[in-house]
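Chemist: my questions are about this predicted structure, shown below with the sequence.
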Amino acid sequence: MVKEPAGETGLPASLEMAWGLRDRPGKGPRPTLTLPRIVDAAVALAAAEGIEAVSMGRVAKELGVSTMSLYRYVTAKEELYILMADAGVGTPPPVPADGEERGWRERLADWAYAQRAVLMANTWILRIPLTGAPVSPNQLAWMERGLAALADTGLRESEKVSAIVLVGGLVRNEAVMAADMMDAIVKSGVAPDRVMAQYVQTLRLMTGPDTHPAVTRLLESDAFAGSDEPDFQFGFGLNRILDGLAELISSRSTP
C-alpha cells in the first residue's frame, strides 16, 4: 500500500486532490487513473449494489486496474467513503430567484428539504458511518449555505452552527428511517399500505385500553390513515424546530 503523506493542510492526499491542492499522487509518469474516475466508479457501484459492495478490490476490478494502483490516490476504504459521500451530495441547488427576499425560516427550510431530497435519492450515503465533521468541498458548501440562511438572525455563531446541526440531524434521521422502512418493504415483498395495515392489526391484538390507554387512543384516531400533505411527519418536525428558533431569534431582537 502506497500512502501519500499529508501536506500542510493535514488532510489526506486524496482530500487535498479533491480541493485542488494536489494535482496527482506522486512523482513519475502521469498515471492513467484519476481520483474522479475512482470515485465515480465507487459511487456507481454503491448506487447499483449498495455500499456494502464497495471495496478497494471491487472498485479496481470495475476500472480494470490493480488494487494497488488505487492506493496511490486513496489510502483506505474509509477515505474513499468520504469522497463518495461528497460526490453523492453534490453542490447545493442554486438559491431561488427570490432568495434575497425570503426570510431565514424559508431559506433554512429550503436547505433542509434540498438535503433530504439528495439523501433520499442516494440512500447509500446514509449507510456510510459518520467519522467526523465535514471537511470535503461539497459538504462544506452545504454547511456554508445553512449558515448563510441564518446570517441576519442575530444569533451567535455557535448558535447558528448548532441550529444547522439540529436541522441536519432531523433530515438525516428521517431519511434513515424512510430508507430502512423501504428496505424492509422490498425484502418482505409486501405493498407499503399492506405493511401499515398489518402493523395496525398487530397493535390492536397486543394492546388494550387497560394496558395501553395511550396507544388505544392512537388507534382510535385517524393517525394511521395518513395525511393529504406530502411528507407530513418531516414537515411537522422541521416546523417545530423552526418555531423554537423563531422564539429565540425574537427574544434577541426584543429590547
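Modeler: Thanks, I have the structure now.

Chemist: residue boundaries of the helices in this structure?
Modeler: Using DSSP state H, the helices of the chain run over 13-18, 35-49, 56-63, 67-70, 77-89, 104-121, 137-149, 157-188, 192-206, 213-220, 232-253.

Chemist: number of nearby residues for His183?
Modeler: No His there; residue 183 is Asp. 13 (other Cβ atoms under 10 Å). To be clear about C-beta, it is placed using only N, CA and C from the backbone, and glycine gets the same treatment.

Chemist: how much space is there between Leu150 and Val95?
Modeler: Applying Cβ to Cβ, to the nearest Å, the value for Leu150 to Val95 is 14 Å.

Chemist: of those two, which one has the most company?
Modeler: With neighbours defined as other Cβ under 10 Å, Leu150 and Val95 compare such that Leu150 has more, 22 against 15.

Chemist: leaving out chain neighbours, which residue sits closest to the more buried one?
Modeler: Lys160 (4.5 Å; Cβ to Cβ, 6 or more residues apart in numbering).

Chemist: next up, the contacts around that neighbour.
Modeler: Leu147, Leu150, Thr153 (Cβ atoms under 8 Å, 6 or more residues apart in numbering).

Chemist: which residues of the chain score low on pLDDT?
Modeler: 1-8, 23-31, 98-100, 226-230, 254-255 (pLDDT under 70).

Chemist: show me how it divides into domains.
Modeler: Listed domain ranges for the chain are 13-89, 104-189+222-253 (source: automatic domain parsing).

Chemist: take those and write them to a markdown table, including distance to Leu205.
Modeler: Formatted as a markdown table, these follow (distance: least, Cβ to Cβ, whole Å):
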| stretch | distance to Leu205 |
| --- | --- |
| domain 13-89 | 34 |
| domain 104-189+222-253 | 15 |
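
Chemist: looking at those, which is nearest to Val215?
Modeler: domain 104-189+222-253 (10.6 Å; Cβ to Cβ).
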